[in-house]
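1. Return a 3D structure for these sequence lines:
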Amino acid sequence: MLDSEQERLLSALVEASRAIPRQQRQKFMYIKFLGGYRLQHPGIRSDFSFTESDLEELERQGLLGIDRLPSGTWWIDIFQPGYEYYDALQRAAGKATDRVEHKTRSFVDSDEFRQEYPVAYQKWMDAEERLWSDQPGFELTTVGHLCREAMQEYVDVLVLKFRPPSVESQKARTINRLRTVLGHVVPHPSQSVEAFLSALIAYWKSVDDLVQRQEHGAQKEGESLNFEDARRVVFQTMIVMYEVHKAICSQKSN
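-> Next comes the predicted model:
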């Protein structure tokens, strides 16, 4: 139905809308003035560029509603078919991991991962699907909660698999548990491998901090969450779990 630029415009509008809590969502205001235009909405960049004809094409396709005021200002609303078209674009990008990599880059074939860590992957996939589908009642904090559970379930598999002595018993203490597992799996690493594993634990801690910020709605920081926060958490959670998995596999094969 749409060309690539029209799909880009629709995607930007949908993602901007979903960056705002559902109860606070609002229409876009399109203001035309001599020599230019401005699209106003709290979820979109002020320098986002597009053409008026693409807006009108989205309207003709029944994806947007446009209320044109005599002053020249347009109020733009996304209709349900617009959200559904966007969701179809994400599904067309492929399986769950592919939909996230479509926003970044190709990074993993996760068949092996899904089989070895089924609960962790299901938690992550639930977060990823909610991110794109905007299910009723969905809150951005739900993404953080699911990703936190995915990380806990993931490390729990490692603990049960390798059974390191004196491991932290609390599931939530993933950083300590992961450090113990890596120390058990790679007891005498070379200097370079030790530096890499330390960096990997630091990376895990950074992602864990992001996940907790997401789950608690960034209240501690006094900030507000948006779609990009949720996308980052979903992507980084999958990456850090996969990188730990590959690091352990590479050491076990030596």
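2. Hmm, G82 is touching A12, no?
-> No: in this structure, G82 is not within contact of A12 by C-beta atoms under 8 Å, at 11.7 Å. The way it works is simple: take the backbone N, C-alpha and C, and place the C-beta from them, glycine included.
3. Need the overlap of contacts for these two.
-> Residues touching both G82 and A12 (C-beta atoms under 8 Å, 6 or more residues apart in numbering): none.
4. Doesn't Q214 lie inside a helix?
-> Yes: assessed with DSSP: H, G, I helix; E, B strand; the rest coil, Q214 lies in a helix.
5. In this structure G65 contacts W74, no?
-> No: G65 lies out of contact with W74 (C-beta under 8 Å); the separation is 10.1 Å.
6. what about those two, which has more around it?
-> Using other C-beta atoms under 10 Å as the criterion, G65 and W74 rank with W74 on top: 22 against 14.
7. chain center to stretch 79-93, what's the gap?
-> Centre-to-centre, stretch 79-93 and its host chain are 17 Å apart (C-alpha atoms, centre = their mean, to the nearest Å).
8. so Y30 is in which element?
-> Here Y30 sits within strand 28-33, counting by DSSP states H and E.
9. Give me the helices and strands touching that strand, please.
-> strand 36-40, strand 74-78 (3 or more C-beta pairs under 8 Å, 6 or more residues apart in numbering; DSSP states H and E).
10. buried stuff in the first one?
-> Right, strand 36-40. Going by neighbour count (16 or more other C-beta atoms under 10 Å), the buried part of strand 36-40 is L39.
11. Would you map out the domains in this protein?
-> Domain ranges of the chain: 4-82, 94-252, per automatic domain parsing.
12. Make JSON lines from those and add mean pLDDT and distance to A88 to it.
-> Converted to JSON lines, these look like this (pLDDT from 0 to 100; distance: least, C-beta to C-beta, whole Å):
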{"stretch": "domain 4-82", "mean pLDDT": "89", "distance to A88": "10"}
{"stretch": "domain 94-252", "mean pLDDT": "83", "distance to A88": "10"}
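13. out of those, deepest packed?
-> Of the domains of the chain, the one with the most neighbours on average (mean count of other C-beta atoms under 10 Å) is domain 94-252, at a mean of 17.
14. contacting residues around L55?
-> L9, Y30, L64, I66, W74, I76.
15. quick one, helices of the stretch 1-150 of the chain?
-> Counting by DSSP state H, counting those that start in this stretch, the stretch 1-150 of the chain has helices at residues 4-18, 52-60, 80-92, 96-101, 111-116, 118-133, 140-162.
16. Including distance to Q214, could the ones you listed go into a markdown table?
-> Below are the helices of the stretch 1-150 of the chain laid out as a markdown table (distance: least, C-beta to C-beta, whole Å):
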| stretch | distance to Q214 |
| --- | --- |
| helix 4-18 | 15 |
| helix 52-60 | 31 |
| helix 80-92 | 20 |
| helix 96-101 | 15 |
| helix 111-116 | 22 |
| helix 118-133 | 10 |
| helix 140-162 | 3 |
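17. Tell me if I'm right that H145 and H216 touch.
-> No: taking contacts as C-beta under 8 Å, H145 lies outside contact range of H216: 9.4 Å.
18. Tell me if L225 really is in a strand.
-> No: going by three-state DSSP, the assignment for L225 is coil, not a strand.
19. I am finished for the moment; much appreciated.
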